[in-house]
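K.L.:
Provided below for reference: sequence and predicted model.
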Amino acid sequence: MIYSWQELSQQVETSVNSFDFSGKPDELYDPISYTMTLGGKRIRPTLCLLAAQLFGGNLLNANNLAMAVEVFHNFTLVHDDIMDEAPIRRGKPAVHAKWNRDIAILSGDVMFVQAYQLLAKGNPERLSEMLSVFNQTAIEVCEGQQLDMNFETRDDVTAENYIDMIRLKTGVLLACSLQLGALESGASEKDGKLIYEFGEKIGIAFQIQDDFLDCYAKQEDFGKRVGGDIISNKKTFLMLTATEKANEGQANKLNGLMSIKISDEEKVSGVLEIYNELEVPSLTKFAMQNYFDKSLAALNQIEAATDLKQPLIELAEMLMMRKK
């Protein structure tokens, strides 16, 4: 039987909800249970199981790896919220806001270790390779976060710099999730690299789309304020593309909109007007499609039955067709 991505996503949800994250002292472990049950798309662990299925692996054996990825991902969110001073996560108070900053740091640290405990339950014959992939990914995710913070104070960031940052911050963990599932199931080195590339490119396309939706989604679909990136002067793919394409007059107007005190509505409409003049929406869609096509090209090279690839293709298409 070949499981759909929706079925495997539900399996992940069941695993998360049934996992015992409790411990003593309560102040250390309650935030972990709280974080893990806040919900989310569960895309990364689902990808891990889909890769295991693709290469004929045992999904029960791969479940610990899927959980490892999800615990690690949520650990990064706990620490990201501290750094960003974000009060809300998935519509609920962030851990540092509900408890305090120190508890959030410690609980996140425990989650990081728990991820390794789960990973250690993987296929013992491939565990060394799994640890290598996971360790490199953990480092690269941190590198991506640091670059993202660095970009806030730099005025020389290019769209190419941005692509590399989102590859590290978003793409590599999706890629790692898939490669872990492949390693658990005994995939060849060649196929392991191809499934990694599939995930990496999907991650880049996904983040570019996120930037696009922030500016051009319908408010009723988006679930948060449209234009938030513009209001906060965030360096996105759209902003950096506009900066690189703008003539002197457009550049001066864009810089003015980002620096003078005007209403949020005026700022957003003014920047979007420049984006439209420079054809930034179509350029963004082209870039997104380009990375999506590269991801499918990598998947197509994998030596596996087409029907086993189909759930991965359907999940990738779902990510690219989302409205929020």
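P.N.:
Happy to help now that I have it. Numbers count the residues shown, from 1 in each chain.
K.L.:
ranges for the strands of this protein?
P.N.:
Ranges of strands in the chain, per DSSP state E, are 88-89, 92-93.
K.L.:
now those strands in TSV, with distance to Q53 and mean neighbour count?
P.N.:
Heads up, the C-betas are built off the backbone N, CA and C, glycines and all. As requested, the strands of the chain are exported to TSV (distance: least, CB to CB, whole Å; neighbours: other CB atoms under 10 Å):
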stretch	distance to Q53	mean neighbour count
strand 88-89	30	16
strand 92-93	32	14
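K.L.:
burial measure for K41, as a count.
P.N.:
Residues lying near K41 (other CB atoms under 10 Å) number 11.
K.L.:
ok, now how distant is it from D293?
P.N.:
23 Å (CB to CB, to the nearest Å).
K.L.:
what's the pLDDT at A217?
P.N.:
Listed pLDDT for A217 reads 87.
K.L.:
what does the one 4 residues further on give?
P.N.:
The pLDDT attached to D221 in the predicted structure is 60.
K.L.:
cool, and K294?
P.N.:
For K294, the predicted pLDDT is 98.
K.L.:
who's in contact with it?
P.N.:
197, 201 (CB atoms under 8 Å, 6 or more residues apart in numbering).
K.L.:
try 7 Å
P.N.:
K201 (CB atoms under 7 Å, 6 or more residues apart in numbering).
K.L.:
now swap in Q6 and tell me
P.N.:
Taking CB under 7 Å, 6+ apart as the definition, Q6 has no contacts.
K.L.:
if you set the cut-off to 10 Å instead, what comes out?
P.N.:
46, 311, 314-315, 318 (CB atoms under 10 Å, 6 or more residues apart in numbering).
K.L.:
can you check T284 too?
P.N.:
T284 neighbours (CB under 10 Å, 6+ apart): 159, 208-209, 211-212, 215-216, 236-238, 241-242, 275.
K.L.:
now with 7 Å, please.
P.N.:
T284 touches 208, 212, 237-238, 241, counting by CB under 7 Å, 6+ apart.
K.L.:
now, the residues you listed that are in helices?
P.N.:
208, 212, 237-238, 241 (DSSP state H).
K.L.:
L60: which of those is nearest?
P.N.:
I208 (35.5 Å; CB to CB).
K.L.:
quick one, helices of the stretch 51-200 of the chain?
P.N.:
For the stretch 51-200 of the chain, applying DSSP state H, counting those that start in this stretch gives helices covering 59-84, 95-98, 101-119, 127-151, 159-166, 172-184, 189-216.
K.L.:
report all helices and strands that the fourth one contacts.
P.N.:
Helices and strands touching helix 127-151, by 3 or more CB pairs under 7 Å, 6 or more residues apart in numbering; DSSP states H and E, are helix 101-119, helix 159-166, helix 172-184.
K.L.:
rerun that using 6 Å as the cut-off
P.N.:
helix 159-166, helix 172-184 (3 or more CB pairs under 6 Å, 6 or more residues apart in numbering; DSSP states H and E).
K.L.:
likewise for the longest one?
P.N.:
For helix 189-216, the helices and strands in contact under the criterion 3+ CB pairs under 6 Å, 6+ apart are helix 172-184, helix 237-245, helix 280-300.
K.L.:
still on that earlier bit, among the contacts of Q6, which one has the lowest pLDDT?
P.N.:
M318 (94).
K.L.:
I'd like to know how far it sits from K41.
P.N.:
Applying CB to CB, the value for M318 to K41 is 10 Å.
K.L.:
wait, which of the ones in helices among the contacts of T284 is closest to I230?
P.N.:
For the ones in helices among the contacts of T284, the nearest to I230 is L238 (8.7 Å; CB to CB).
K.L.:
mind checking pLDDT for the closest one?
P.N.:
98.
K.L.:
hang on, the earlier thing: and the contacts of Q6, which is closest to G181?
P.N.:
Nearest to G181 among the contacts of Q6 is T46, at 9.8 Å by CB to CB.
K.L.:
return the residues in contact with the residue nearest in space to the middle of the chain.
P.N.:
Residue closest to the average C-alpha location in the chain (CA atoms, centre = their mean): T170, at 3.9 Å. Going by CB atoms under 6 Å, 6 or more residues apart in numbering, T170 touches 203, 207.
K.L.:
I appreciate the help and will end here.
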